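In: Sequence and predicted structure, then a few things I'm wondering about:
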Amino acid sequence: MLRLTDIKLPLDHAESALTDAILARLGIAADELGGYTVAKRSYDARKRGAIVLIYSVDVETPREADLLQRLQLDAGAAAPARGDNGKPLHNVMPTPDTSYKFVAKAPATMPLRPIVIGMGPCGLFAGLVLAQMGFRPIILERGKAVRERTVDTFGLWRRKVLNPESNVQFGEGGAGTFSDGKLHSQIGDKLHHGRKVLREFVLAGAPEEIEYVSKPHIGTFRLVSMVEHMRATIESLGGEIRFSSRVDDVLIETDAAGHRHVRGVTLATGEELRADHVVMALGHSARDTFAMLHERGVFLEAKPFSIGFRIEHPQSLIDQARFGPQAGHPLLGAADYKLVHHCRNGRSVYSFCMCPGGTVVAAASEPGRVVTNGMSQYSRNERNANAGIVVGIAPEDYAAYGEGPLAGVALQRHWESHAFVLGGGEYEAPGQLVGDFLRDRPSREFGAVLPSYTPGVRLGDLGQSLPDYAIAAIREALPAFDKQIKGFAMHDAVLTGVETRTSSPLRITRGGDGYSVNTRGLFPAGEGAGYAGGILSAGVDGIKTAEAVAMSILAGVARAA
């Protein structure tokens, strides 16, 4: 097959226009086109009112060989031939092979099964790929199955009752289940692990368009059934999944040479499970597990993350700012944005986890603390757009809250507890209108934008809800963002605090073999370990970790033979 790229057509092009463009690009007749599939579809919205769709397509034609020869392409090449100016000739190339290749197959006998801790996107894909390779993993999830945790999560949102072991952060599917379900990432992916993630999601019930649209998303309710389908697949392949199975300890032995080796885990019930390969696919909120690992001498280090607020605007404002007169077109959907501002105080403020047509949700996992996050359904048809507006912070900012690798956790807890108090002590969140926040005066009543956060928002003054440097940076950034999106700093837009779980505040450092740098057989992975940020990158890291575990098991079997 041939891959044709950079085919540009008007937003409202006729159905036949793409076929005509393919024929023109290749210089072939209609009866020489065997068929085509869309490999990617994106849009260029830089010209308001003249939005252009950009296609990459994979084409079947009996003339492939002579077309390749005519276009000076090698049928086995991974890239198109280039002219003297370095640009691809004709934007035609052989279709690349993006299929996933398993790196190993489980041996006939294994002394111990691998254990995966956590069933968010990283743990889910680590467990799935291990199961597909025949390693029959045991997956331990501290929370409940996805439908049960949904009931508990709504218990906080609707009744102000928090279950610390079953909530937005903990349970089957992880924090990504209650999000926009975004499936795009900026990670490098030469081995097409991301394609494997998308394909498995489609097999589990996701719409096929996620494999070709430029910014795919799924939405919360679709994710619920997909996670259940993937669980069933793992179990059908010999994997074992245990819910409500919190790991309270890891068993570590030190050999004669001074090397530390993981030998299993201890559950909250006191049960011990033996294993020589343990994947730590923790979420970024597994604070008690971080502390346990630190006590056991597993190497951790503090890392940067970000803190801030959620901001809400009318979705129609964002649509008009981004798409102009073509706002509302079904191929465009609800508009998103990505903003960044570098402040005079050296901080950077940026938009995070933007949720078009979504809601702000309560994401606390510990009693007496308030945390916000964003969520959208697949339709993205709620009235408000929301995003985190967050400030980057670094380990040197944590010193006032503690020492060592857990100091960032202490900082998070401090401001989450303060937000709980500012919100009135019943999981309501503190809030303020953007206009009042910029003028440093308390808000008394809502305007045109009503907040979507439940259990509710208590208006007041957010000026004391984050460190002074963060408040100053956000106050500088909002007017700058207004220059990029007219109306972004509108008076009635609502800020809701606080957003503190943007990423893990620490890293469980690993080496090139996937192990913890000081504990063999312990494989840190995903967001909580500091190696991912979002559903897609976490799933990819889970696949890579499964491959590392498989190769380690096979190496051990070979040594013992």
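Out: Structure received.

In: List the contacts of the closest residue to Gly333 other than its chain neighbours.
Out: In space, and not counting its chain neighbours, Gly333 is closest to Arg380: 6.1 Å by CB to CB, 6 or more residues apart in numbering. In this view, the C-beta of every residue, glycine as well, is placed from N, C-alpha and C. Taking CB atoms under 8 Å, 6 or more residues apart in numbering, we find Arg380 in contact with 180, 217, 219, 315, 333-334, 355-358.

In: So which of those residues are in helices?
Out: Those of the contacts of Arg380 mapping onto helices are Gln315, per DSSP state H.

In: filter the contacts of Arg380 to the buried ones?
Out: 180, 217, 219, 315, 333-334, 355-358 (16 or more other CB atoms under 10 Å).

In: Asp31: which of those is nearest?
Out: Here the nearest of the buried ones among the contacts of Arg380 to Asp31, counting by CB to CB, is Gly333; it sits at 36.2 Å.

In: Tell me how many other residues surround the residue lying closest to Gly176 once chain neighbours are set aside.
Out: What sits nearest to Gly176 in space, not counting adjacent residues and going by CB to CB, 6+ apart, is Ile535, at 4.3 Å. Residues near Ile535, counting by other CB atoms under 10 Å, number 31.

In: circling back: would you mind putting the buried ones among the contacts of Arg380 into TSV with distance to Ser99 alongside?
Out: TSV is the format used below for the buried ones among the contacts of Arg380 (distance: CB to CB, whole Å):
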residue	distance to Ser99
Asp180	28
His217	24
Gly219	27
Gln315	38
Gly333	29
Ala334	33
Cys355	32
Pro356	32
Gly357	34
Gly358	34
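
In: tell me which of those is nearest to His193?
Out: His217 (19.0 Å).

In: Now do the buried residues in the helix ranked longest in the chain.
Out: Taking DSSP H as the assignment, the helix of the chain that covers the most residues is helix 535-560. Judged by neighbour count using 16+ other CB under 10 Å, the buried positions of helix 535-560 are 535-550, 552-554, 556.

In: one step back: between the contacts of Arg380, which is closest to Val52?
Out: Gly333 (16.3 Å).

In: isn't the closest one right up against Pro356?
Out: Yes - applying CB atoms under 8 Å, one finds Gly333 in contact with Pro356, separated by 7.2 Å.

In: By mean pLDDT, point me to the weakest helix or strand of this structure.
Out: helix 64-70 (a mean of 85; mean pLDDT, DSSP states H and E).

In: Next, the buried residues of that helix.
Out: 64, 67-68.

In: where along the stretch 451-561 of the chain do the strands fall?
Out: Under the criterion DSSP state E, counting those that start in this stretch, the stretch 451-561 of the chain contains strands at 457-459, 494-499, 506-507, 522-524.

In: In contact with Ile138, which residues are there?
Out: Contacts of Ile138 by CB under 8 Å, 6+ apart are 113-116, 239-242, 273, 275.

In: Quick check: the farthest pair among these?
Out: Ile241 and Ala275 (15.2 Å).

In: Can I get stretch 509-529 in CSV, CA atoms only?
Out: Only the C-alpha atoms of stretch 509-529 are listed here, as CSV (Å, rounded to 0.1, in the frame of the first residue of the first chain):
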residue,chain,number,x,y,z
THR,A,509,13.7,6.0,39.5
ARG,A,510,14.4,3.1,37.2
GLY,A,511,17.4,2.1,35.1
GLY,A,512,17.6,1.0,31.4
ASP,A,513,16.5,-2.5,32.2
GLY,A,514,13.2,-1.2,33.7
TYR,A,515,14.1,-2.0,37.3
SER,A,516,14.2,0.3,40.2
VAL,A,517,17.8,1.7,40.3
ASN,A,518,18.4,0.0,43.7
THR,A,519,15.9,-2.9,43.8
ARG,A,520,16.0,-5.6,41.2
GLY,A,521,12.7,-7.1,40.1
LEU,A,522,10.7,-4.0,41.1
PHE,A,523,9.5,-2.2,37.9
PRO,A,524,8.2,1.4,38.5
ALA,A,525,5.8,2.4,35.8
GLY,A,526,3.2,5.0,34.7
GLU,A,527,2.1,8.3,36.2
GLY,A,528,2.7,7.6,39.9
ALA,A,529,6.3,6.5,39.2
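
In: quick one: low-confidence parts of the stretch 51-200 of the chain?
Out: For the stretch 51-200 of the chain, the stretches with pLDDT under 70 are 72-90.

In: which stretches of the stretch 301-450 of the chain form strands?
Out: Under DSSP E, counting those that start in this stretch, the stretch 301-450 of the chain gives strands at 301-302, 305-314, 340-342, 348-355, 359-362, 372-375, 384-393, 429-433.

In: Which of those strands sits closest to Thr233?
Out: Nearest of the strands of the stretch 301-450 of the chain to Thr233, taken as CB to CB: strand 372-375 at 25.5 Å.

In: and the closest one, which strands flank it?
Out: According to DSSP bridges, strand 372-375 forms sheet pairs with strand 359-362 (antiparallel).

In: Please save the CA atoms from the strand it pairs with in PDB.
Out: What follows is strand 359-362, C-alpha atoms only, in PDB (Å, rounded to 0.1, in the frame of the first residue of the first chain):
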ATOM      1  CA  THR A 359     -17.400  19.500  34.000                       C
ATOM      2  CA  VAL A 360     -15.100  20.200  37.000                       C
ATOM      3  CA  VAL A 361     -15.100  17.200  39.300                       C
ATOM      4  CA  ALA A 362     -14.200  16.500  42.900                       C
END
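
In: just how off-centre is it within its chain?
Out: When C-alpha coordinates are averaged (CA atoms, centre = their mean, to the nearest Å), strand 359-362 and its chain have centres 17 Å apart.

In: Okay, buried residues for that strand please.
Out: So, applying 16+ other CB under 10 Å, buried residues of strand 359-362: 359-362.

In: What residues sit buried inside stretch 491-504?
Out: Neighbour counts over stretch 491-504 (16+ other CB under 10 Å) mark 492-504 as buried.

In: want to throw these into CSV with pLDDT and distance to Asn518?
Out: Shown next, in CSV, are the buried residues of stretch 491-504 (pLDDT from 0 to 100; distance: CB to CB, whole Å):
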residue, pLDDT, distance to Asn518
Asp492, 98, 53
Ala493, 98, 47
Val494, 98, 46
Leu495, 98, 42
Thr496, 98, 41
Gly497, 96, 38
Val498, 98, 34
Glu499, 98, 33
Thr500, 98, 29
Arg501, 97, 27
Thr502, 96, 27
Ser503, 96, 23
Ser504, 97, 19
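
In: Can you tell me which of these is closest to Ile485?
Out: Distances from Ile485 to those, taken by CB to CB, are shortest for Ala493, at 10.8 Å.

In: For that closest one, which non-adjacent residue is closest in space?
Out: Closest to Ala493 by CB to CB, 6+ apart is Val434, at 4.2 Å.
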